[in-house]
Structure formats: structure tokens, C-alpha cells
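Enquirer: following is a predicted model, sequence given first.
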Amino acid sequence: MINTNAFQVLSQLAPEYKKTHLKTLFSDGNPRFDEFHIHIPGMLYDFSKQKVDHKIIDNLLQMADEMQLSEWIEKLFKGEKINTSEGRAAWHTALRDIENPLPEVSEQWTKMETIVNELHNRQLRGYEGSPITDVVNIGVGGSDLGPLMVTHALEMQKHPKAPHLHFVSTLDARQLEQLLVELNPATTIFVVASKSFTTIDTLSLADTAKFWIQQSTDCPRALQHHFIGISANPAKMTEWGIAENLQLNFWDWVGGRYSMWSSIGLTIALELGMEGFKSLLAGAYAMDTHFRTAPFKENIPVMVGLIGVWNTNFLDLSGQAILPYDSRLKYFASYLEQLEMESNGKHVRRNGEKTSYRTCPILWGEVGPNAQHAFYQLLHQGTERVMADFILFIHGQTKNERGQFHHNLNIANCLAQSRAMMVGQDSEDPNKVYPGDQVSNTILLNEVDAYQLGMLVALYEHKVFVQSVMWDINPFDQWGVELGKKIALDILNRIQTCDSEGLDSSTVGILKTIWKDNNEC
Ligand SMILES: O=P(O)(O)OC[C@H]1O[C@H](O)[C@H](O)[C@@H](O)[C@@H]1O
């Protein structure tokens, strides 16, 4: 990035834009919105509350050309091995190519559909012959967050025959133990979702579930009826004891955090029916087509990505807030935390050199109206300069009069907050001064349905990709999570053998306090 001509120009321009208050860009009734928005079927992207003008945008677009963004986009869509540190493609777009699906993708759709239909039609039965009523997804990270986020968001569109869905991910087993008290082993099936099928969080919870089933019956083949496995590692699924007919696959070319479009999305399909799941894929496919074909200036993921780079690397903004104005998107920020920070939280370029510039900002978020009563204070009067994404829907959850009133409140608050952050407020009382000048995007969609959600998630996936190209980093590996896992195994071993030898004094001090309290070691 820093070697491009556009980078030099943007660096020279940046101080002037930092000094210019955002509200002055709107002064004298400047119709900025007309020039700085993109409207495609189903989605409006308003970036008029960003500190950009045509000069900045032209240079950002030039930087995209200098960084060969078009070529990278083609590599992504053609399934080239762009995850170079692991020698793999990152071909999540192939999972939602509903027009020309790969045979292996279609094959998994068929297998998913069989399981979905059997469950919906009460043909899938437990060890006693009773129909399965409850499905528990056991998974973590990419094997949990996408299905959790989508099934929560689309609960209102539930298929009439959908089973009760539950999600369990925490290592401490509290979620699982609490759930097992309520569930009947004879009518519960577990979905063990793990790309690697080696993640200790997931496998330890799956073992606890296995023990629970085994304890409840003498039936020797009970386990065969109560576990579905989803993984890119079929041998491990078989070794663990998942019946062949209840195994779903995906492939090493699907990154964990990009996997909800694969068979990992089984719980989504169980909730919505296969048609609903395909609608999610169709929305993502529409965004893929837009991303691949629209000129960069009219390309939403490209512009969201480039403006994010402008904010991070030139205007020195340090955080990214995600603020959906609909409670159904409760888990959307958590989903993006993994997508963005696990993808672009890197400091090494593709050639192995250390970056000399900042990459992914810290991203966090919450349902907007709730966050207004929590952390917005910092957005309005804190010392951190951040960027915010407001996500709003034209239509609300309930169509009756009260529902419309609540939705209008919601719209009013969303627009009020982005405006307040932009204009700020002067006052003689210093406590009441709002500096304003906080930039934001507003993404407006029609309503929370499978298709629109597919579009929205794919937009962020491609934004992440655009930024990775600008920063010259590989967004598809995650080596940073390995070290902690390795150390945890070592410490677990030491806990079991009462050995704190050679550890740092902080770790030893905490371990000894725990041991003393438990009268151990
Ligand atoms: O699906 P699994 O192989 O069990 O992995 C679950 C998660 O754990 C890992 O540590 C990675 O950081 C995530 O990218 C991944 O989604």
C-alpha cells in the first residue's frame, strides 16, 4: 500500500481532511447524499457522512488499481489458492453459486435436505423410536457464530415443522449442563460442528453429551441416532462415532469463519427449511455478482472497504462500531468480530515482512438502541475517534400500528445518532459540548429476511477482502490463535500433575491460589 502513488497523495491530503469538521461538508445545504451513496436492489449504502470527496475517492480507487484489486477479486472467485500460508483456496463464493453449483456442493445440499426433511417430518428418531424434537449445535467460532446469528435473526420466519434449536459453545459446560436438565435424551440430537474435528472446546462438550446419552439407555446403538457430524475431516468424525448417514462434509477451501454457507449452516436449514437456506445463499450470491461485476465506484463492498482504509490509515481512526437498529441482529456484531478481526488482525504482509501501517481496527458493537444507553457516551464525548456502521431496515418486525410506531422510533433514533455524531453541539457548559465530527456509514436494507441477511454478510466478507488486498495481508489464515491453544494444553497437563515448575510468577501465583483453595497439590 505504501508503495503506491495514490498512498503518497492521500497521505499529503489527509491532514487537511482531519482538520475539516464533518458538518462543514454538509453546510449551505450541500446535497452530498446525491453524490455519495450507492443504491442497488435491496440495499442502500450512504457514505455521505464520511470525510471524503471526489478527490479522495479517485485516489482510493487509484490505490485499488495499484494494489491490483480486480486481479485479486478474480483469483478469489476462481478458487485460486490465495490462502498462501496454508496453500488453500478461500472459495466461500462457490458455496452460494446457485446458478452453477459445483457437484460436491450440490451433493451436500441434497444430504442436508434429506436430514432437514426427515427431521421436519418426524422421521428422524431417537433410540426409543420417538421423533427428535430438539437439536443442539455444539461448535465454536465459525462453527457456531454464523448459524447462531442467522437463526436468531430469522426466528420469525421459522418453518412450521422446525425443531427446537439450541446452541452450545462455551468450554465451561454451563450452557450444556443447563440445557441437559431440560432436554429428553430420547428425543434430542446433537450436531457436532467442527471443520477440523479436533477443537477441544467442541469435542469436550460432545463427549459430555455422549456420556449423557449413554447414561440414559442400555441401547448399544444409541449414539448412532443422536449425533450428526459436520466437518472437513470425515475420518475424525467416523473415529469419534458419528454414523456415516449423519455425516455432512465441507472442504479445506472453506475457511471456518466463512463456513455458514456450507453444511455448517444445517441448523439454519432446519429452522428455515432448505428453501429458506437457499434464499440466504441467493442473497449472498447477488452480493457476489455485484462485487465481481460492478465498477469500483458503484461497488458497495469496494467502497466500504476503501473508505475504511482511508479512515484507519489516513485519518487515524482507531475503532469500528457496528450498530444494527434491529434486535434480531443481536449477534451480528459478534459474528463480525470474528470475521473482521480474525481475518485482518495481522501484522505480516504476504511476503513475510512486517507491515509499517495499521491494519484491522478494533471492532465491536451492539444492537443500536441498547448501545445508546451504554457506550454511545464515548462516541459522542470520548477522546477516541472511531467510525460507525449504522444498519437500518425500512420495514420493522411487526406490521400492526404499535409495531409501526416502535419501528418509527427505531428509525428516528438511528438517524438522530448518526446526525448527532456528525454535527455535534456547542454549549457554554463544557459538559454539554459534543464535538461531533465522527464519521459513519449507513446501510439501509428492506427487511430482515434470509435474502437480505445473505447480502449483508457477503458485503462484509468482501469488505474484509478488499481491505486485506490494500494491506497486502492474507485474510484467510489465523495463526495467532494457535499459541494460546498450545500453552493451554501444557497448563492443563501441569494442573493434572501439580507441576508449576518453570512458569512465570503470575501463572504460578494464580495456580497455587486455586490449588490451595481446592486443597490440591
Ligand atoms: O470448526 P473448528 O475446526 O472446530 O474451529 C473452530 C474455530 O476455532 C479456531 O480456533 C479458529 O480460530 C476459528 O477460525 C474456528 O472457526
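Expert: Thanks, I have the structure now.

Enquirer: so residue 389, which of the three states?
Expert: Judged by DSSP: H, G, I helix; E, B strand; the rest coil, the three-state class of residue 389 is strand.

Enquirer: which residue packs closest to it, ignoring adjacent ones?
Expert: residue 441 (4.8 Å; Cβ to Cβ, 6 or more residues apart in numbering). Every residue, glycine included, has its C-beta placed from N, CA and C.

Enquirer: quick one, what contacts residue 287?
Expert: Neighbouring residues of residue 287 by Cβ atoms under 8 Å, 6 or more residues apart in numbering: 300-301, 454-455, 458-459, 462.

Enquirer: sorry, slip of the keys, the one I care about is residue 56.
Expert: 10, 13, 17, 310.

Enquirer: just checking, it is part of a strand?
Expert: No. Residue 56: not assigned to a strand; according to three-state DSSP it is helix.

Enquirer: returning to what we had before: which of the contacts of residue 56 lies closest to the ligand?
Expert: Closest approach to the ligand among the contacts of residue 56 (Cβ to the nearest ligand atom): residue 310, at 28.2 Å.

Enquirer: contacting residues for the closest one?
Expert: Per Cβ under 8 Å, 6+ apart, neighbours of residue 310: 10, 50-52, 56, 60.

Enquirer: where does it land on pLDDT?
Expert: Per-residue pLDDT puts residue 310 at 98.

Enquirer: same check, this time on residue 403
Expert: Reported pLDDT for residue 403: 89.

Enquirer: what secondary structure does residue 398 sit in?
Expert: Assigned by three-state DSSP, the conformation of residue 398 is coil.

Enquirer: for it, give me the backbone phi and psi.
Expert: Main-chain dihedrals, residue 398, degrees, to the nearest 10: phi -120, psi 140.

Enquirer: got a list of what it touches?
Expert: Contacts for residue 398 (Cβ under 8 Å, 6+ apart) come out as 404, 406.

Enquirer: skipping adjacent residues, who's closest to the residue nearest the centre of the chain in space?
Expert: What sits nearest the mean C-alpha location of the chain, by Cα atoms, centre = their mean, is residue 335, with 2.8 Å. Nearest non-adjacent residue to residue 335, counting by Cβ to Cβ, 6+ apart: residue 149, 4.3 Å away.

Enquirer: also residue 302?
Expert: Closest residue to residue 302 apart from its sequence neighbours, by Cβ to Cβ, 6+ apart: residue 296 at 4.7 Å.

Enquirer: contacts only, for residue 111.
Expert: 248, 263.

Enquirer: go again with 10 Å.
Expert: Applying Cβ atoms under 10 Å, 6 or more residues apart in numbering to residue 111 gives the contacts 245-249, 263, 266.

Enquirer: which ones among the residues you listed map onto strands?
Expert: Judged by DSSP state E, strands contain the following of those: 247-249.

Enquirer: quick check: the residue nearest to residue 389 is in a strand.
Expert: Yes. Applying three-state DSSP, one finds residue 441 inside a strand.

Enquirer: relative to residue 22, how far out is it?
Expert: Counting by Cβ to Cβ, to the nearest Å, the gap from residue 441 to residue 22 is 13 Å.

Enquirer: what touches both of these two?
Expert: 48-50.

Enquirer: between these, which is nearest the ligand?
Expert: Nearest to the ligand out of the shared contacts of residue 441 and residue 22 is residue 50 (Cβ to the nearest ligand atom; 30.5 Å).

Enquirer: residues in contact with the residue of the stretch 201-350 of the chain found nearest the ligand?
Expert: Residue nearest to the ligand within the stretch 201-350 of the chain: residue 256 (2.9 Å; Cβ to the nearest ligand atom). For residue 256, the contacting residues are 139-146, 193-196, 199, 232, 250, 264, 338, 342, 476, 478, by Cβ under 10 Å, 6+ apart.

Enquirer: what does the pLDDT read for it?
Expert: 98.

Enquirer: how about the nearest residue to it, chain neighbours excluded?
Expert: residue 142 (3.1 Å).

Enquirer: verify the stated contact: that neighbour with residue 339.
Expert: Yes. Using Cβ atoms under 10 Å, residue 142 makes contact with residue 339 at a distance of 8.8 Å.
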